[in-house]
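A.B. asks: return atomic coordinates for the entry below.
(one chain, ligands or ions: 2)
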Amino acid sequence: MNKKTVRDIDVKGKRVFCRVDFNVPMQNGVVTDDTRIRAALPTIQYLMEQGAKVILASHLGRPKGKVVEEMRLNAVAERLSELLGKRVVKTDEAYGDAVKAAIAEMNEGDVLLLENVRFYPGEEKNDPELAKAFAELADVYVNDAFGAAHRAHASTEGIAHHLPAVAGFLMEKEIEVLGKALSNPDRPFTAIIGGAKVKDKIGVIENLLDKVDNLIIGGGLAYTFVKALGHEIGKSLLEEDKIELAKSFMEKAKEKGVNFYMPVDTVVADDFSNDANKKVVNIDEIPSDWEGLDIGPKTRELYRNVILKSKLVIWNGPMGVFEMDAFAEGTKAVAQALADAKDTYTVIGGGDSAAAVEKFGLADKMDHISTGGGASLEFMEGKQLPGVVALNDK
Ligand SMILES: Nc1ncnc2c1ncn2[C@@H]1O[C@H](COP(=O)(O)OP(=O)(O)O)[C@@H](O)[C@H]1O
Ligand SMILES: O=C(OP(=O)(O)O)[C@H](O)COP(=O)(O)O
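C.D. replies: Ligands and ions are numbered 1, 2, ... in the order given. Sure thing, here's the model as predicted:
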């Protein structure tokens with residue numbers, strides 16, 4: 001990475017404003033998955049060891065510029081305190097005099113967590129005044145929030161224009177792993193794209209066609225491609241206005257010599273529910289009043305074989321409606337194939353695929369699970385991430 005990192009600066013005795021992505025799932029005021037908090041620990045612990053005063057900032061949810069009680073970061077501070085084995089002070093605001101007073105009390109190695117930065121309308125607007133108010137709290141800015149790096153907000157982008165600005169270890173690792181995968185991949189290089197939204201993934205599919213050897217399509221978005229081939233898809237998910245584009249992608253794949261894999265069979269159901277009647281049909285035999293909710297067994301086998309022969313696989317998006325057990329087999333099969341592929345470097349692109357490998361207990365078998373869903377997608381599309389661009393060059 002051509003950006004400075006925490007290793008390149010002296011933080012001893014300095015106040016460090018460290019943006020992290022603690023946007024974690026919560027239920028009844030308790031953090032239900034602390035993956036993102038644990039992922040930020042190396043940077044936080046390094047800053048503590050170096051004698052910095054560590055001021056952490058994060059968003060949680062989408063409170064839209066207002067205080068939403070359930071989106072306060074108190075439970076996150078508690079979980080972080082447990083993980084660090086040290087009390088983390090939590091302020092009820094994210095800037096201003098009370099916050100400054102709390103920071104003035106800090107000793108070297110102390111950690112303080114600011115309130116949810118999205119309680120202020122200026123955060124998402126990247127308001128220069130708010131960025132300045134954040135910058136006034138500190139001497140140095142560290143961005144370790146890869147999951148929010150695709151957002152140009154006051155705490156992810158604006159503040160970087162006011163202070164020396166460097167990347168944390170998580171940010172560095174995410175950019176290096178995903179960057180290497182895209183710029184200098186081990187081959188055969190396979191990308192698996194699933195999920196529901198064709199329009200969100202079009203940019204990725206297009207960019208990947210220039211890079212991969214194999215492109216595997218699954219999940220709800222596959223049916224737009226099936227339709228583009230002229231088959232009936234019944235009530236399956238369809239993005240009508242993307243059919244032509246799907247066709248052009250298949251043609252582009254052929255021109256570029258990319259192997260384009262689509263489902264050859266599918267599990268169809270007569271209702272969008274776990275208890276629906278279901279059956280396996282060939283991909284060109286979907287009954288008109290049924291919908292495809294998972295890839296079929298022949299497709300699972302086909303995809304498994306491609307995965308096992310790959311040296312590098314990037315996976316984004318489930319193969320079916322994996323939240324329902326009845327339609328989880330395809331997603332499970334892909335996760336299992338990745339786990340079994342011993343000589344293959346496996347990268348999970350955040351979001352639902354990361355949730356799926358967790359659910360199936362296979363997370364520790366993957367080489368890299370990105371902490372960013374949207375961020376890793378935009379990165380794979382070839383877009384510049386504003387939170388990274390704003391950091392100081394090496
Ligand atoms: N065949 C399908 N029909 C309808 N929805 C599907 C199908 N396959 C997958 N999905 C849904 O897609 C959702 C994930 O889509 P998306 O947000 O694009 O993926 P990600 O979060 O991994 O980027 C999941 O909730 C899953 O249930
Ligand atoms: O959870 C996040 O996004 P992700 O689910 O796409 O990884 C990030 O914290 C960014 O949150 P946002 O999409 O509300 O800006």
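A.B. asks: and this protein, what are its domains?
C.D. replies: 15-169, 177-381 (the TED database).
A.B. asks: can you name the residue of the stretch 51-200 of the chain nearest ligand 1?
C.D. replies: residue 195 (2.5 Å; CB to the nearest ligand atom). Heads up, the C-betas are built off the backbone N, CA and C, glycines and all.
A.B. asks: what secondary structure does that residue sit in?
C.D. replies: Three-state call for residue 195 (DSSP: H, G, I helix; E, B strand; the rest coil): coil.
A.B. asks: just residue 347 next, same as before
C.D. replies: Relying on three-state DSSP, one would call residue 347 strand.
A.B. asks: and residue 315, by the same measure?
C.D. replies: Applying three-state DSSP: residue 315 is strand.
A.B. asks: list the contacts for it?
C.D. replies: For residue 315, the contact set (CB atoms under 8 Å, 6 or more residues apart in numbering) comprises 191, 192, 194, 334, 338, 346, 347, 348, 349, 353.
A.B. asks: again, only using 7 Å
C.D. replies: 192, 334, 338, 348, 349, 353 (CB atoms under 7 Å, 6 or more residues apart in numbering).
A.B. asks: what's the distance between it and ligand 2?
C.D. replies: 15 Å (CB to the nearest ligand atom, to the nearest Å).
A.B. asks: with residue 183 instead?
C.D. replies: Distance of residue 183 to ligand 2, given as CB to the nearest ligand atom: 22 Å.
A.B. asks: residue 62: how many residues sit nearby?
C.D. replies: By the measure other CB atoms under 10 Å, the count of residues near residue 62 is 11.
A.B. asks: tell me the residues of this protein that contact ligand 1?
C.D. replies: Residues of the chain found near ligand 1 (CB under 6 Å from any ligand atom) are 195-197, 200, 219-220, 237, 292-293, 316-318, 320-321, 323, 351-353, 373.
A.B. asks: if we use 5 Å, what do you get?
C.D. replies: Selection of the chain residues close to ligand 1 by CB under 5 Å from any ligand atom yields 195-197, 219-220, 237, 293, 317-318, 320-321, 351-353.
A.B. asks: neighbour count for the residues you listed - can I get that in a markdown table?
C.D. replies: Output for those, formatted as a markdown table (neighbours: other CB atoms under 10 Å):
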| residue | neighbour count |
| --- | --- |
| 195 | 22 |
| 196 | 15 |
| 197 | 13 |
| 219 | 31 |
| 220 | 23 |
| 237 | 18 |
| 293 | 27 |
| 317 | 26 |
| 318 | 28 |
| 320 | 28 |
| 321 | 25 |
| 351 | 19 |
| 352 | 20 |
| 353 | 32 |
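A.B. asks: follow-up on the earlier one: pipe the domains of the chain into JSON lines and attach mean pLDDT per row.
C.D. replies: Below are the domains of the chain laid out as JSON lines (pLDDT from 0 to 100):
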{"stretch": "domain 15-169", "mean pLDDT": "97"}
{"stretch": "domain 177-381", "mean pLDDT": "96"}
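A.B. asks: how about the nearest residue in space to residue 194 that is not next to it in sequence, secondary structure?
C.D. replies: Excluding its sequence neighbours, the residue lying closest to residue 194 (CB to CB, 6 or more residues apart in numbering) is residue 219, at 3.1 Å. Classification of residue 219 by three-state DSSP places it in coil.
A.B. asks: likewise residue 159?
C.D. replies: Relying on three-state DSSP, one would call residue 159 helix.
A.B. asks: can you give me the strands in the stretch 1-150 of the chain?
C.D. replies: Applying DSSP state E, counting those that start in this stretch to the stretch 1-150 of the chain gives strands spanning 15-19, 26-27, 30-31, 53-57, 89-90, 111-113, 140-143.
A.B. asks: on that earlier part again, top of the contacts of residue 315 by neighbour count?
C.D. replies: Result: residue 353 is most packed of the contacts of residue 315 (other CB under 10 Å), 32 neighbours.
A.B. asks: pretty sure that one sits in a helix.
C.D. replies: Yes: the assignment for residue 353 is a helix, going by three-state DSSP.
A.B. asks: now do the contacts for it.
C.D. replies: By CB under 7 Å, 6+ apart, the contact list for residue 353 reads 315, 316, 317, 318.
A.B. asks: likewise residue 379?
C.D. replies: Contacts of residue 379 (CB under 7 Å, 6+ apart): 178, 385.
A.B. asks: change it to 6 Å
C.D. replies: Contact partners of residue 379, counting by CB atoms under 6 Å, 6 or more residues apart in numbering, are residue 178.
A.B. asks: cool, residue 114 as well?
C.D. replies: Residues in contact with residue 114 (CB under 6 Å, 6+ apart) are 57, 91, 94.
A.B. asks: for ligand 2, what's its nearest residue on the stretch 101-250 of the chain.
C.D. replies: Closest to ligand 2 within the stretch 101-250 of the chain is residue 147: 4.1 Å, counting by CB to the nearest ligand atom.
A.B. asks: that residue touches residue 21, doesn't it?
C.D. replies: Yes: using CB atoms under 6 Å, residue 147 makes contact with residue 21 at a distance of 3.6 Å.
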